[in-house]
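Undergrad: Quick one, fold the following:
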Amino acid sequence: MTEFRHEPRVFERADEASAREIILTAEGDRSSAERWLLETPYLAALILEDLKLQGAHRPHVIDFGCGVGRLADPLAAAGCKVLGVDTSLSTREMARVAVPGLTVATPHAFALLATREFADGAIAVWALQHALNFKEAVEQLSGALKPGARLVVVNSRRRCVPTDQGWLDDGINVEAELDARFEPVVQRLLDPAAVGDAVAGASFYGVWRKR
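TA: Numbers count the residues shown, from 1 in each chain. Reported below is the predicted structural model:
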């Protein structure tokens, strides 16, 4: 097998405009800006519905792969206490500034919290496809969630790991791995009107519950 080097620095950006372009890349006939405008409110509404946080007082939610905070923002506006986790220093700082009350953490810092079962819910939107240590990330999310808490995942069906040789698919079946670790609850088809035909055809939306 050809050796490669993980290159998460691809997500380090000098400004929010360029960060948005790498977080939501242009796909099919949809530009990054169009995806941002149409997809963000659509996913935010689904996520808030599917996390089932009603009744919890200021529920604690993990945004794994928070980027610049595009989904942390509606979660915080809905009354959640949000912890944003991201490998990129630049986007973490953009998110911290953009989202009132957001706490941000490196993956290393998150790993230290991941045995405490503190979170009422978690999301990972276009994030697990990029995680080099995928199984470790899933175990950490599980360890951080309270029993019965939900994890909402939106992901490409193929892995897209950033490396020095480009975006590589290492063959991990993300859905199958999540099914093995959590209880599947909801599977949705993404609406092409909201996410575009290319993204809808190549991606999945699922909800899992910690056993």
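Undergrad: Please make it C-alpha for all contacts and neighbour counts, starting now.
TA: Will do.
Undergrad: Let me know the pLDDT of the spatially most central residue of the chain.
TA: Against the mean C-alpha coordinate of the chain, by CA atoms, centre = their mean, the closest residue is Ala124 at 2.4 Å. Ala124 is assigned 98 on the pLDDT scale.
Undergrad: Against which helices or strands is the strand ranked longest in the chain packed?
TA: For the chain, the longest strand by residue count, based on DSSP state E, is strand 145-156. Packing partners of strand 145-156 (3 or more CA pairs under 8 Å, 6 or more residues apart in numbering; DSSP states H and E): strand 119-125, strand 203-209.
Undergrad: Give me the sheet partners of it and which way each runs.
TA: Using DSSP bridges, the strands paired with strand 145-156 are strand 119-125 (parallel), strand 203-209 (antiparallel).
Undergrad: so can I have JSON lines of the ones you listed showing distance to Gly65?
TA: Converted to JSON lines, those look like this (distance: least, CA to CA, whole Å):
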{"stretch": "strand 119-125", "distance to Gly65": "6"}
{"stretch": "strand 203-209", "distance to Gly65": "16"}
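Undergrad: if we can go back for a sec, for the helix or strand that the longest strand of the chain is followed by, which positions count as buried?
TA: Going down the chain from strand 145-156, the next helix or strand is strand 161-163, by DSSP states H and E. By 16 or more other CA atoms under 10 Å, the buried positions in strand 161-163 come out as 161-163.
Undergrad: Now do the contacts for Gln140.
TA: 110-111, 114-115 (CA atoms under 8 Å, 6 or more residues apart in numbering).
Undergrad: doesn't it fall inside a helix?
TA: Yes. Counting by DSSP: H, G, I helix; E, B strand; the rest coil, Gln140 is found in a helix.
Undergrad: Just say helix, strand or coil for Gly171.
TA: Going by three-state DSSP, the secondary structure assigned to Gly171 is coil.
Undergrad: And the helices in this structure, which stretches?
TA: For the chain, the helices defined by DSSP state H cover 16-23, 32-50, 72-77, 89-98, 107-113, 134-144, 174-181, 192-195, 197-202.
Undergrad: so which of those comes closest to His6?
TA: helix 134-144 (12.8 Å; CA to CA).
Undergrad: residues of the closest one that come out buried?
TA: 134-135, 137-138, 140-144.
Undergrad: if we take those residues, which one ends up nearest to Val199?
TA: Phe134 (21.3 Å).
Undergrad: Let me know how buried Ala45 is, in neighbour terms.
TA: Other residues near Ala45 number 13, with proximity taken as other CA atoms under 10 Å.
Undergrad: Distance check, it against Ala137.
TA: According to CA to CA, to the nearest Å, Ala45 and Ala137 sit 25 Å apart.
Undergrad: Kindly reformat the contacts of Gln140 as a markdown table and extend each row with pLDDT.
TA: As requested, the contacts of Gln140 are arranged in a markdown table below (pLDDT from 0 to 100):
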| residue | pLDDT |
| --- | --- |
| Phe110 | 97 |
| Ala111 | 96 |
| Ala114 | 92 |
| Thr115 | 89 |
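Undergrad: that older thread, just the strands paired with strand 145-156: most buried one?
TA: Among the strands paired with strand 145-156, strand 119-125 has the highest mean neighbour count (mean count of other CA atoms under 10 Å), at a mean of 24.
Undergrad: Now do that strand against helix 32-50: the angle between them, please.
TA: 150 degrees (axes from the mean of the first three to the mean of the last three CA atoms, to 10 degrees).
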